[in-house]
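Visitor: What shape does this take:
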Amino acid sequence: MEFNLLIFNLMLCGFFAITSFAEEQKKFKFILDNVITEKESEDVGKIKVELDKSGDYLKINGEAEQLVDLDNTWKVQIVLKGANEANEEFKERLTLPLLGVCDFMKFYYKMYIYESLVKYANAPAPNVCPVVKDTYVLRDYPLVSEKFQKFLQPGFYRMEASLYHEEEEKIKYSVEGHVVEEE
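Guide: Model prediction:
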C-alpha cells in the first residue's frame, strides 16, 4: 500500500537526513542490510517489496494494494535507533512525533520523498488527502547515497515505522542498514 512504500522510502532517507553530519572530506556509503515486516494487517493492505542488488546501485521495486483511505485518523510513528558496532544493542536516537497521515504527507513525505519517488511510482501529491485506496507500484527506485553524503556517519541503524488506527498498531516495518567509509 502507498503508506508502506512511503514509509519504506522515508526510512531509507531518514538514515541520511536525521543522523549527525559527517566529516566533509570523507566519503561514506549506506548499505541496506534488511527489511523486516514486523506486523501487517490484511484489512489495511498488502505489500510486496523486492530489493535488486544486481547492478552498481540498489534498486527497490514494490507493489502495494491499499485497502482503505488513509487520513489524519491514521497515525504514523517513526523511531530511529543506532549502534556503533554490529553486535551492540540498538539504542533509540530519535523519535519523530506521532503524526496523522495527511500531516506526515505534507511535511516529511514532501520534504524527503516525493520528488525522487514520483519519478519511479504512481505516487500521490503531498497535499492530496486522504491517500485513497488503490494499487501503488514502485519500479527501479535507486538507493544512491551520494546525494546524502553530508548526513552519513559510520555505524549501524534501524528505523522502525508503524501505522496506527484508533490507538491500535496495524502495520510495522523495520529497515536495518549500516554506513561505512568508502575506500
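
Visitor: can you pull the pLDDT of residue 55?
Guide: We have a pLDDT of 70 for residue 55.

Visitor: Name the helix or strand for it, please.
Guide: Residue 55 belongs to no helix or strand when elements are defined using DSSP states H and E.

Visitor: ditto for residue 60
Guide: Applying DSSP H and E, one finds residue 60 within strand 58-66.

Visitor: ranges for the strands of this protein?
Guide: 28-39, 45-52, 58-66, 74-83, 91-95, 99-100, 134-143, 155-165, 168-181 (DSSP state E).

Visitor: Nearest to residue 119 among the ones you listed would be which one?
Guide: strand 134-143 (8.3 Å; CB to CB). The C-beta positions use only the backbone N, C-alpha and C, and glycine is treated the same way.

Visitor: List the buried residues for the closest one?
Guide: Buried residues in strand 134-143, defined by neighbour count with 16 or more other CB atoms under 10 Å: 136, 138, 141, 143.

Visitor: What of stretch 122-138?
Guide: 123-124, 126, 129-131, 133, 136, 138.

Visitor: With distance to residue 96 and pLDDT added, can I get the residues you listed in a markdown table?
Guide: Formatted as a markdown table, the buried residues of stretch 122-138 follow (distance: CB to CB, whole Å; pLDDT from 0 to 100):
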| residue | distance to residue 96 | pLDDT |
| --- | --- | --- |
| 123 | 20 | 90 |
| 124 | 20 | 89 |
| 126 | 16 | 93 |
| 129 | 19 | 93 |
| 130 | 21 | 96 |
| 131 | 18 | 94 |
| 133 | 25 | 95 |
| 136 | 22 | 93 |
| 138 | 22 | 94 |
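
Visitor: With distance to residue 82 added, can I get those residues in a markdown table?
Guide: Shown next, in a markdown table, are the buried residues of stretch 122-138 (distance: CB to CB, whole Å):
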| residue | distance to residue 82 |
| --- | --- |
| 123 | 28 |
| 124 | 31 |
| 126 | 28 |
| 129 | 32 |
| 130 | 33 |
| 131 | 30 |
| 133 | 35 |
| 136 | 30 |
| 138 | 26 |
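
Visitor: All set, thanks.
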